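**Q** Sharing a sequence plus its predicted fold:
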Amino acid sequence: MAIQGVMDTLKNTNLQEIGVSFSLADLLRDLKVEDDKVYIKLFSPSEKYHDYLKEKAETVLKSIGAKAVQVEFTSEPPKKQQPPQPPPQQNPFESRRRIPKVKKVIAVASGKGGVGKSTVAVNITAALKRKGYNVGYLDADMYGPSGPTMLGAKDKQVTATPDNKLIPPESHGIKIMSIGLLLPSEDTPVIWRGPVLFKALSQFLFDINWGEELDFLIIDLPPGTGDIQITLGQTAEIDGAVIVTTPQDVALIDVKKGIQMFNEVQIPVLGIVENMSYFVCPDSEKKYEIFGKSKTEDIAKQYNTQLLGKVPIEPKVAEFGDLGIPIVLAKEDSESAKAFMEIADEIIKKLSEQ
Ligand SMILES: Nc1ncnc2c1ncn2[C@@H]1O[C@H](COP(=O)(O)OP(=O)(O)OP(=O)(O)O)[C@@H](O)[C@H]1O
Ligand SMILES: [Mg+2]
């Protein structure tokens with residue numbers, strides 16, 4: 001006899017005669033079929049129905065060819081069926097920690113070097129400061145730290161708390177930390193190897209005493225999609241990444257890599273800043289797209305993100321950068337300062353939507 005046939009028969013045998021709405025199969029706790037012998041165990045807490053159920057089972061099973069039918073009863077309540085539990089997820093990011101005393105952490109990144117990432121990071125920080133927020137700037141470019149120069153903090157001193165937390169100095173009201181502030185001279189090449197680099201980065205993320213809680217911490221990343229970016233993504237909770245590019249195709253290829261990397265490390269991409277977007281001729285006020293027509297907006301759409309803003313090339317951006325005063329603070333009415341202020345608004349908006 002086929003077990004399926006037995007099951008079907010039990011399912012089709014209703015028990016309306018004793019006033020219940022279920023079938024014999026609903027009472028089934030065990031079933032064995034051997035040739036034409038059938039053994040079943042039924043759940044029935046009350047002996048009152050045993051005879052009825054036994055007879056019913058024998059009748060229906062014999063009608064489909066069973067020669068011997070053995071019926072037993074159990075009064076044990078059915079074991080609650082546990083819904084299948086998914087296997088525990090191995091999440092490489094679950095050990096991520098929040099950076100202490102910081103409300104929102106924003107990483108500024110670029111796939112390609114020299115596109116103005118530090119300029120953008122410093123000016124976004126300054127823009128948020130101008131908007132009245134308490135802000136910090138963390139230069140995570142361990143190889144080419146330019147934050148101290150751009151924020152006019154080169155000669156400022158880092159101190160430490162008794163429990164060895166670093167206390168960042170302040171410039172233009174912005175708290176700043178950079179490896180550049182800890183090295184004896186500006187020209188010292190930083191030759192870090194894996195473990196030392198990670199130790200230093202981890203200290204930068206978690207062992208800095210930012211003082212009064214920061215509204216925003218801006219992290220200036222080194223260019224590319226290397227170890228520092230991945231380590232950051234795996235160890236710290238970052239609220240969003242801003243990707244900086246210039247309009248050329250070569251830079252945009254790296255934007256895609258950058259977005260993919262942040263997706264992999266599960267950091268939301270807030271959007272793209274296009275730097276050195278155009279040049280406004282000071283004499284004619286005519287706009288020139290020096291690097292050709294921008295495709296940044298298309299790329300942003302393609303990757304489900306947005307263009308946060310375009311910053312023009314302005315010689316003053318570089319000049320004031322070298323002087324240690326972000327353009328946003330040095331020349332509030334410049335095109336680029338205005339662009340940075342709007343970008344800061346967009347960032348705040350994107351973060352509040354999360
Ligand atoms: N919008 C701009 N107008 C004029 N000069 C700019 C602009 N943006 C950046 N620069 C200048 O371009 C140079 C490179 O910028 P920056 O150092 O910010 O780039 P970066 O992407 O951080 O570089 P790196 O990859 O080395 O970290 C600097 O001299 C900076 O002053
Ligand atoms: Mg830089």
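**A** Now that the structure is in, tell me what you want to look at. Ligands and ions are numbered 1, 2, ... in the order given.
**Q** For the nearest residue to residue 293 once chain neighbours are set aside, grab the count of nearby residues.
**A** Spatial nearest neighbour of residue 293, excluding adjacent residues (CB to CB, 6 or more residues apart in numbering): residue 247 at 7.8 Å. All C-beta spots, glycine's among them, are computed from the backbone N, C-alpha and C. Counted by other CB atoms under 10 Å, the residues lying close to residue 247 total 21.
**Q** Now for residue 247: which residues touch it?
**A** The contact partners of residue 247, taken as CB atoms under 8 Å, 6 or more residues apart in numbering, are 274, 276, 277, 289, 291, 292, 293, 294, 295, 296.
**Q** what do you get if the cut-off is 10 Å, keeping everything else the same?
**A** 115, 274-278, 289-296, 310 (CB atoms under 10 Å, 6 or more residues apart in numbering).
**Q** With residue 68 instead?
**A** Here residue 68 is in contact with 34, 35, 36, 37, 38, 39, 58, 61, 62 (CB under 10 Å, 6+ apart).
**Q** Which ones among these map onto strands?
**A** With DSSP state E as the criterion, strands contain 34, 37, 38, 39 from among the contacts of residue 68.
**Q** re earlier: just flag the most distant two among the contacts of residue 247.
**A** Using CB to CB, the pair of the contacts of residue 247 lying farthest apart is 115 and 293, separated by 17.6 Å.
**Q** more neighbours, the two?
**A** Taking neighbours as other CB under 10 Å, residue 115 and residue 293 compare with residue 115 leading, 24 against 6.
**Q** if I read this right, that one contacts residue 277, doesn't it?
**A** No. Residue 115 lies out of contact with residue 277 (CB atoms under 10 Å); the separation is 11.1 Å.
**Q** so what's in contact with the two at the same time?
**A** 245, 246, 247.
**Q** can you map out the helices along this structure?
**A** With helices called from DSSP state H, the chain shows them at 3-12, 50-63, 117-130, 147-150, 194-206, 227-235, 249-264, 296-302, 315-323, 327-330, 335-353.
**Q** Would you reformat those helices as JSON lines and include distance to ligand 1 and mean neighbour count?
**A** Formatted as JSON lines, these follow (distance: least, CB to the nearest ligand atom, whole Å; neighbours: other CB atoms under 10 Å):
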{"stretch": "helix 3-12", "distance to ligand 1": "69", "mean neighbour count": "15"}
{"stretch": "helix 50-63", "distance to ligand 1": "80", "mean neighbour count": "16"}
{"stretch": "helix 117-130", "distance to ligand 1": "3", "mean neighbour count": "28"}
{"stretch": "helix 147-150", "distance to ligand 1": "7", "mean neighbour count": "24"}
{"stretch": "helix 194-206", "distance to ligand 1": "16", "mean neighbour count": "15"}
{"stretch": "helix 227-235", "distance to ligand 1": "12", "mean neighbour count": "18"}
{"stretch": "helix 249-264", "distance to ligand 1": "10", "mean neighbour count": "18"}
{"stretch": "helix 296-302", "distance to ligand 1": "14", "mean neighbour count": "15"}
{"stretch": "helix 315-323", "distance to ligand 1": "3", "mean neighbour count": "16"}
{"stretch": "helix 327-330", "distance to ligand 1": "8", "mean neighbour count": "23"}
{"stretch": "helix 335-353", "distance to ligand 1": "6", "mean neighbour count": "19"}
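**Q** Least confident of these, on average?
**A** Ranked by mean pLDDT, the helices of the chain bottom out at helix 194-206, which scores a mean of 84.
**Q** Return the angle between stretch directions for that one and helix 227-235.
**A** Computed by axes from the mean of the first three to the mean of the last three CA atoms, to 10 degrees, the angle separating helix 194-206 from helix 227-235 equals 50 degrees.
**Q** Please name every helix or strand in contact with helix 194-206.
**A** Where contact means 3 or more CB pairs under 10 Å, 6 or more residues apart in numbering; DSSP states H and E, helix 194-206 is packed against strand 135-139, strand 174-178, strand 214-220, helix 227-235.
**Q** Of the ones you listed, which is nearest ligand 2?
**A** Ligand 2 sits nearest to strand 214-220 of all these, at 6.1 Å, using CB to the ion.
**Q** What residues of that closest one count as buried?
**A** For strand 214-220, the neighbour count (16 or more other CB atoms under 10 Å) marks 214, 215, 216, 217, 218, 219, 220 as buried.
**Q** Find the closest residue to ligand 2 in this structure.
**A** Closest approach of the chain to ligand 2 (CB to the ion) occurs at residue 118, with a separation of 3.2 Å.
**Q** Next one: that residue from residue 4, what distance?
**A** Distance of residue 118 to residue 4, given as CB to CB, to the nearest Å: 71 Å.
**Q** Kindly report the same for residue 229.
**A** Distance from residue 229 to residue 4, by CB to CB: 57 Å.
**Q** again with residue 243
**A** 59 Å.
**Q** before we move on, what about residue 209?
**A** 71 Å.
**Q** cool, and residue 125?
**A** 71 Å.
**Q** swap in residue 236?
**A** 57 Å.
**Q** the longest strand in this structure is where?
**A** strand 269-280.
**Q** quick one: is it near ligand 2?
**A** No. Residues of strand 269-280 are not located near ligand 2 by CB under 5 Å from the ion, the shortest gap being 11.6 Å.
**Q** In its sheet, which strands sit next to that strand, and in what direction?
**A** In the sheet, strand 269-280 lines up against strand 240-245 (parallel), strand 287-288 (antiparallel), strand 307-313 (parallel) (DSSP bridges).
**Q** highest average neighbour count across those?
**A** Among these, strand 240-245 has the highest mean neighbour count (mean count of other CB atoms under 10 Å), at a mean of 27.
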